[in-house]
Every structure is written in C-alpha cells, then in structure tokens.
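Participant: Following is a predicted model, sequence given first.
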Protein chains: 2
Amino acid sequence: MTTQTLTRNQGLVLDVLSHSQSPLSAYTILDKLRDSGFRAPLQVYRALDKLLEFGLVHRLESINAFVACAHPDEDCHAHGITAFTICETCGKVTEFHDHVIEDRLKGFARDRNFKTGKTTIEIRGTCAGCA
Amino acid sequence: MTTQTLTRNQGLVLDVLSHSQSPLSAYTILDKLRDSGFRAPLQVYRALDKLLEFGLVHRLESINAFVACAHPDEDCHAHGITAFTICETCGKVTEFHDHVIEDRLKGFARDRNFKTGKTTIEIRGTCAGCA
DNA sequence: CAATTGATGTAATAACATTACATTCCAATT
DNA sequence: AATTGGAATGTAATGTTATTACATCAATTG
C-alpha cells in the first residue's frame, strides 16, 4: 500500500498524523484540516477507517486517538498483534510486536474456542524522557 | 474490600453490573438506576471511579463499557495485569491473568525505562457459544 | 449509455465523559 | 452537644467522541 493509492482525504489525514509527535483525536485532525476544506467529523472518520484497514494508522483504544503506523512500508497487519506504550506526559507512542505474547493470547483463545478478532495491548505510563 | 464498605450509590452500581450478563455503558447503568433515584451521569461515573479503584469493576477500554470483576473477593489489582476476551456477538467477557505476558510487557517497558501505569489487554472476537 | 461501486459533502443526532458549584452526610475532635 | 473537615452527593451545563441519514459526485464496467 503506497501513498499513491490513497484518495485526497485519506492522504490529508495520513499526512497530519505522520507529522504529529503524538496521537491525535479525530476532532483535532478535523481542526487541522479546516483550511484544506474539511468541514465535518465524518470526513475524518471515513478516512481513518480506510487508513486503519490499510494498516497505515492505528487506533489507540484507551485514549480515543489515532497515530500513524511506525513502519508504513511493511504491512503492519502482517506483523500480527501490535502493542503500544503511551506516555501520558508527552504523548509519545512506541509500537512493538512480541510473538511470545501473541502466542500466549492466541493459545488462551484457542483453548476456549474463542475466535480472535482485533486485539488491543496498550501500556500507559511515563516514558524515559519524562520520568 | 467487602460490600459493607460501599456507599449506597456504589452498591447500587455494583449490583447492576454484577447481575448483568454483559458489559454495560455508564448511561445504561444510569437508566437502570433511575428508579433508585439516579438522575445524572456523574452519579454513575463517580461510583464507577471508586469501584475501579477498589478493583471490584473493570473498564473495557475498547468498548467504553464496564464489568463487575470475576473474583471480587480477592484483590484483583494484586493479580497484576488483567486481560479480557470480549464476545462481540453476545457480550460475554472472560477475565484472565497470564504471568508470562505480564513479564514480557514489564520487560519491554523496563528495557526502555518506561514507567508502566495501567495496562490494557482486550481480545475482541466471537466466543465458543456464538461461533 | 446505464448501472454499479466507492468516495464525498452536509446536517443532525447519538453516545460518552467532565467541569463547576452547591449541599449533605458522617465521623473525629473539642 | 457543637464544631469541623473530608468524602459523598445532587444538579445543571457543557465538552468530547462517534454515528446515522440522505444527497451528490466520479470512476468503472457491462
């Protein structure tokens, strides 16, 4: 998935997220794109839905915000479960993948015949720089 | 922490959650407690804050809802990180603890001098009964 | 060209959560 | 018994996040 294949709105939203140092809410994105012609939340949410589907953006469930994927060139979905640390002071987000954790979670689900959909792993706390 | 020490509002909210087969939103709880005198969201949120603090209730970040803890007699906080499976069809929630996952997450954080606060692990999908 | 599909624009509303401020309750101390 | 300080409560208003509904537009394809 390259930037080429994105629509104008999707490209604008991804651009805003990519240049942000911290996660942004949908409404913050909307405000940043007013000058580009955005008028309503739905324009943002629709673009975000596609970017999430493409694996170019992640949703942080615990803070209702969105971040650009740290490695958009690869297919982030292919890496399996993505986990995050989220600094509550500066907003810095670090993305990581741990196959051991993934295996344990999948094992737990399999043992109970639970069909796994989207999995969320988010650690909120304080990053090294803010400690 | 026994039920004895709860205030009236806290007890009412916990009671509603304890008798529910699935997670409830704060506003659903409010509706269920109108007859008991609840009038405003804040009454629910304040009770929930305390119940969360006591470890009697969990917040499911990915669906903005709350559940009673599966083992309220023990101190759930003491068990470390709590993980959940959440059935998107019937709402059934299963709570579990995995020390391997916990160690991996703590190790990752420690390696980066990230001071861990609250950690969220939620698997959304379909339970055995709904598959 | 008609039909289909995906994207967009706009307005309205729903769902979730907090701020601000006044009041009440209750236990501890005087 | 009165005082007082902290926790809990009541109420209104507002702020924040997300969706529904409906009309339109653009590209593709049969």
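Facilitator: Done, it's in. No experiment lies behind these values; they were computed from the predicted model shown.

Participant: The top strand by length along chain A vs chain B: in contact?
Facilitator: Longest strand in chain A by number of residues (criterion: DSSP state E): strand A:115-126. Yes. Applying CB under 8 Å from any CB of the partner chain, one finds strand A:115-126 touching chain B at A:115-126. For every residue, glycine as well, the C-beta is placed using N, CA and C.

Participant: now the angle between strand B:115-126 and that strand, please.
Facilitator: Counting by axes from the mean of the first three to the mean of the last three CA atoms, to 10 degrees, strand A:115-126 points 170 degrees away from the direction of strand B:115-126.

Participant: List the buried residues in strand A:115-126.
Facilitator: A:115-116, A:119-126 (16 or more other CB atoms under 10 Å in any protein chain shown).

Participant: next one: stretch A:30-37
Facilitator: A:30, A:32-33.

Participant: centroid residue for chain A?
Facilitator: The centre of chain A sits closest to A:His58, judged by CA atoms, centre = their mean, with a distance of 1.2 Å.

Participant: So what are the sheet partners of the strand or helix carrying that one and their directions?
Facilitator: According to DSSP states H and E, A:His58 maps onto strand A:57-60. Strand A:57-60 has the following strand partners under DSSP bridges: strand A:65-68 (antiparallel).

Participant: check contacts around A:His77.
Facilitator: A:Gly55 (CB atoms under 8 Å, 6 or more residues apart in numbering or on different chains).

Participant: what's the burial count for A:Tyr27?
Facilitator: A:Tyr27 has 11 neighbours, counted by other CB atoms under 10 Å in any protein chain shown.

Participant: For the closest residue to it other than its chain neighbours, list the residues it contacts.
Facilitator: Excluding the flanking residues, the one nearest A:Tyr27 by CB to CB, 6 or more residues apart in numbering or on different chains is A:Pro41, at 6.6 Å. Going by CB under 8 Å, 6+ apart, A:Pro41 touches A:26-27, A:30.

Participant: pretty sure A:Ile86 is in a strand, no?
Facilitator: Yes. Checked against DSSP: H, G, I helix; E, B strand; the rest coil, A:Ile86 lies within a strand.

Participant: Looking at chain A, which residue is nearest DNA strand C?
Facilitator: Closest residue of chain A to DNA strand C, CB to the nearest atom of the strand: A:Thr7 (3.2 Å).

Participant: residues from chain A in reach of DNA strand C?
Facilitator: Residues of chain A lying close to DNA strand C by CB under 7 Å from any atom of the strand are A:7-10, A:37-43, A:46-47, A:50.

Participant: Would you mark the buried spots in stretch A:74-83?
Facilitator: Applying 16+ other CB under 10 Å to stretch A:74-83 flags A:76, A:79-83 as buried.

Participant: That one - what's its average pLDDT?
Facilitator: Mean per-residue pLDDT for stretch A:74-83: 88.

Participant: how long is it end to end?
Facilitator: Its first and final residues considered, stretch A:74-83 spans 16 Å by CA to CA, to the nearest Å.

Participant: same deal with stretch A:124-131?
Facilitator: The first and last residues of stretch A:124-131 sit 13 Å apart, counting by CA to CA.

Participant: same deal with stretch A:74-84?
Facilitator: End-to-end for stretch A:74-84, by CA to CA: 17 Å.

Participant: Write out the residues of chain A neighbouring chain B.
Facilitator: A:61-62, A:83, A:85, A:87-88, A:94, A:96, A:98, A:100-101, A:104-105, A:108-109, A:112-128, A:131.

Participant: Can you confirm whether stretch A:59-66 lies near DNA strand D?
Facilitator: Yes. Counting by CB under 7 Å from any atom of the strand, DNA strand D is contacted by stretch A:59-66 at A:64-65.

Participant: CA atoms of that stretch as PDB?
Facilitator: C-alpha atoms of stretch A:59-66 as PDB (Å, rounded to 0.1, in the frame of the first residue of the first chain):
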ATOM      1  CA  ARG A  59      -6.300   3.500  16.800                       C
ATOM      2  CA  LEU A  60      -5.400   3.800  20.500                       C
ATOM      3  CA  GLU A  61      -8.400   2.500  22.300                       C
ATOM      4  CA  SER A  62      -7.500   3.600  25.700                       C
ATOM      5  CA  ILE A  63      -7.200   7.300  24.700                       C
ATOM      6  CA  ASN A  64      -9.600   7.500  21.800                       C
ATOM      7  CA  ALA A  65      -6.900   8.800  19.500                       C
ATOM      8  CA  PHE A  66      -5.000   7.800  16.300                       C
END
